[in-house]
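[1] Give me a 3D structure for the following:
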Amino acid sequence: MSSSIKEELLRKIESKELVVGVIGLGYVGLPLAVEKAKAGYKTIGFDVQDDKVNMVNEGKNYIGDVVDKELEQIVKSGKLSATKDFSFVKDCDFIAICVPTPLDKYQQPDISYVKKSTMDVSKHLKRGTVVVLESTTYPGTTEELMLPILENGSGLKCEEDFYLAFSPERVDPGNKLFKTKNTPKVVGGVGKDATEVAAALYRSVLEGEVYTVSKPAVAEMEKILENTYRNINIGLINEFAIICHKMGIDIWEVVDAAKTKPYGFQAFYPGPGVGGHCIPLDPFYLTWKAKEYDYHMKLIEASGAINDYMPEFVIERSMKILSKKFKKALNGAKILLLGVAYKKDIDDLRDSPALLIYENFLREGAEVKYYDYYNPSFRDERGGTVYSLKELTKKDINDADLVVITTDHTNLDYEMIAENAKYIFDTKNATAMVKNNRDKIELL
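    Numbers count the residues shown, from 1 in each chain. The predicted model follows:
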């Protein structure tokens, strides 16, 4: 039975008869659904949020990495539609699950979204379907959690009646070079047939290499390795930034010098903390899983502690700047934050350290305003809405006792900011090209 299922699926991929389902229409799911629809497959997007479903069906984009006109065209052509009704899973031959995998307040994996989505799929799963999890998670999730739910809920047998695989998302919001379409893809299935079929579909849609591994756990672990590598190296450079400041050494100059070495060194840069959904969270999926094996991931825990300290370090440095330069306390000082997104030139606020910095400034009694073209407002810890300055004026800059750059958006005139600011604390080296008024700028 398995061989006939494989042959039929490969035939549907070749003829573009395959119907694709994408569960979760966020930063990962919507770009994936768009690419599959653009490749010629009828694609159904599933989401529990009415606003996302309605916007997709109206051809209205809400994700920065999706081209507005492309979304509009594929919706009008009938290739892409969205629904909250999971009964339409029965119409799908290929289902990609792209739901959030956050940490709870104890920094333990919250896989409730994966579990719920898998249960919803199992109720309507038909024979001859491929299910692929793309959400980042701990090694073992696909086979230990999803497989039994799918088998018990559907009455079907994995490898005989349906295929199951893991293929980690690789999304870098705002990246101008690498998008869903051209980023290499890793695929690991439960059995060779599952791997072959899932890889065949991705190859028919994407331009990047599709690299296969022996089983889902390998693909799950490699994704955690990717983000742990970055987390640890960011923690390393942030710790260097702290000691360099104490020693009176410019960390940015140190990195520029080190990266002249053509081998054995990759440049990482310090900042006010680590944001986004992946780097600050994913490594802790492994620390949680490692405890089953009576092992503590010491490097992950150490780098996490350093990165978590950086927002507090920004507050401490700001206090010292105000005291040393103006003999002024942070309590009652006017602070202007430039940027609240977790990285430049995007509107993504997920786990942004700038939001922690904002809250910490308030707790210290400062009067805080912010400007971010990409984020006209955000919700604070108390559930209220905080609004950006409508435009960044010379008066707003000059009124601030301290301007703190927390996101290095490229649409700002940093020469003008430096000219009008009393003093700038630049945590991102956004002012690197500013030639004048350098005496008013302090780097992280």
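[2] Going by neighbour count, list what's buried in stretch 105-115.
    Residues of stretch 105-115 classed as buried: Pro109, Ile111, Tyr113, Val114 (neighbour count, 16 or more other C-beta atoms under 10 Å). Backbone N, C-alpha and C define where each C-beta goes, glycine included.
[3] Would you mind putting the residues you listed into JSON lines with distance to Pro168 and secondary structure alongside?
    Shown next, in JSON lines, are the buried residues of stretch 105-115 (distance: C-beta to C-beta, whole Å; DSSP: H, G, I helix; E, B strand; the rest coil):
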{"residue": "Pro109", "distance to Pro168": "15", "secondary structure": "strand"}
{"residue": "Ile111", "distance to Pro168": "15", "secondary structure": "coil"}
{"residue": "Tyr113", "distance to Pro168": "16", "secondary structure": "helix"}
{"residue": "Val114", "distance to Pro168": "13", "secondary structure": "helix"}
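[4] Report the separation between the two terminal residues of stretch 374-384.
    Stretch 374-384 has its terminal residues 19 Å apart, counting by C-alpha to C-alpha, to the nearest Å.
[5] average pLDDT for it?
    Averaging pLDDT along stretch 374-384 gives 89.
[6] go on, stretch 245-256?
    Here the average pLDDT along stretch 245-256 is 97.
[7] in that stretch, what's buried?
    Applying 16+ other C-beta under 10 Å to stretch 245-256 flags His245, Ile251, Trp252, Val255 as buried.
[8] now swap in stretch 68-78 and tell me
    Glu70, Leu71, Ile74, Val75.
[9] who touches that stretch?
    34, 37-38, 42-43, 56-61, 80-81 (C-beta atoms under 8 Å, 6 or more residues apart in numbering).
[10] can you give me the helices in the stretch 301-444 of the chain?
    353-363, 394-399, 414-420 (DSSP state H, counting those that start in this stretch).
[11] ok, back up a step: so of the contacts of stretch 68-78, which ones are in strands?
    Lys42, Thr43, Leu80, Ser81 (DSSP state E).
[12] between these, which is nearest Val130?
    Among these, Thr43 lies closest to Val130 (C-beta to C-beta), at 14.1 Å.
[13] Roughly how far does the closest residue to Gly64 other than its chain neighbours sit from Val274?
    In space, and not counting its chain neighbours, Gly64 is closest to Ile346: 5.6 Å by C-beta to C-beta, 6 or more residues apart in numbering. The gap separating Ile346 from Val274 is 15 Å, by C-beta to C-beta, to the nearest Å.
[14] So for these two, which sits in the more crowded spot?
    Remark: of Ile346 and Val274, Val274 carries more neighbours, 25 against 20, as counted by other C-beta atoms under 10 Å.
[15] Surely the more buried one and Arg350 touch.
    No - the criterion here is C-beta atoms under 8 Å, and Val274 misses it with Arg350 at 11.2 Å.
[16] Quick check, central residue of this protein?
    Closest to where the C-alpha atoms of the chain average out (C-alpha atoms, centre = their mean) is His277, at 4.0 Å.
[17] Return the per-residue confidence for it.
    So, for His277, pLDDT stands at 77.
[18] And the one 3 residues further on, by the same measure?
    As predicted, Pro280 sits at a pLDDT of 81.
[19] Could you find the closest non-adjacent residue to it?
    Leaving aside its sequence neighbours, Pro280 sits nearest to Val274 (C-beta to C-beta, 6+ apart; 4.5 Å).
[20] Turn the buried residues of stretch 105-115 into a markdown table, columns for pLDDT and distance to Glu17.
    Output for those, formatted as a markdown table (pLDDT from 0 to 100; distance: C-beta to C-beta, whole Å):
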| residue | pLDDT | distance to Glu17 |
| --- | --- | --- |
| Pro109 | 87 | 37 |
| Ile111 | 93 | 33 |
| Tyr113 | 95 | 30 |
| Val114 | 96 | 28 |
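[21] Thr183: which of the residues you listed is nearest?
    Out of the buried residues of stretch 105-115, the member with the shortest distance to Thr183 (by C-beta to C-beta) is Val114, at 21.9 Å.
[22] isn't the closest one right up against Val99?
    Yes - when contacts are counted by C-beta under 8 Å, Val114 is listed as touching Val99 (6.0 Å).
[23] what's the overlap in contacts for those two?
    Common neighbours of Val114 and Val99 (C-beta under 8 Å, 6+ apart) are Ser135.
[24] Show me what the longest helix anywhere in the chain is packed against.
    In the chain, with assignment by DSSP state H, the single longest helix is helix 216-247. Judged by 3 or more C-beta pairs under 8 Å, 6 or more residues apart in numbering; DSSP states H and E, the packing partners of helix 216-247 are strand 163-166, strand 185-189, helix 251-258, helix 283-290, helix 298-326.
[25] returning to what we had before: now the residue nearest to the centre of the chain: phi and psi?
    With angles defined as degrees, to the nearest 10, His277 sits at phi -80, psi -20.
[26] That one against Leu103, yeah?
    No - using C-beta under 8 Å as the test, His277 is too far from Leu103 to be in contact (10.2 Å).
[27] Surely Asn182 is in a strand?
    No - counting by DSSP: H, G, I helix; E, B strand; the rest coil, Asn182 is located in no strand; its state is coil.
[28] Can you get me a residue count around it?
    11.
[29] Please name the residues that touch Leu389.
    Applying C-beta under 8 Å, 6+ apart to Leu389 gives the contacts Lys369, Tyr370, Tyr371, Asp396.
[30] Look at it and report its pLDDT.
    On pLDDT, Leu389 comes in at 95.
[31] start at 356 instead
    Taking 356 as the first residue, the last one we looked at is Leu744.
[32] how close does it sit to Lys683?
    Computed with C-beta to C-beta, the distance linking Leu744 and Lys683 is 22 Å.
[33] cool, Pro625 as well?
    Distance from Pro625 to Lys683, by C-beta to C-beta: 26 Å.
[34] Which one's more surrounded, these two?
    Set side by side, Pro625 and Lys683 show more neighbours around Pro625, with 26 against 16, by other C-beta under 10 Å.
[35] Looks to me like that one is in a strand.
    No - judged by three-state DSSP, Pro625 forms no part of a strand; its state is coil.
[36] Looks like Glu774 contacts Asn792 (just checking).
    Yes - using C-beta under 8 Å, Glu774 is in contact with Asn792, at 5.8 Å.
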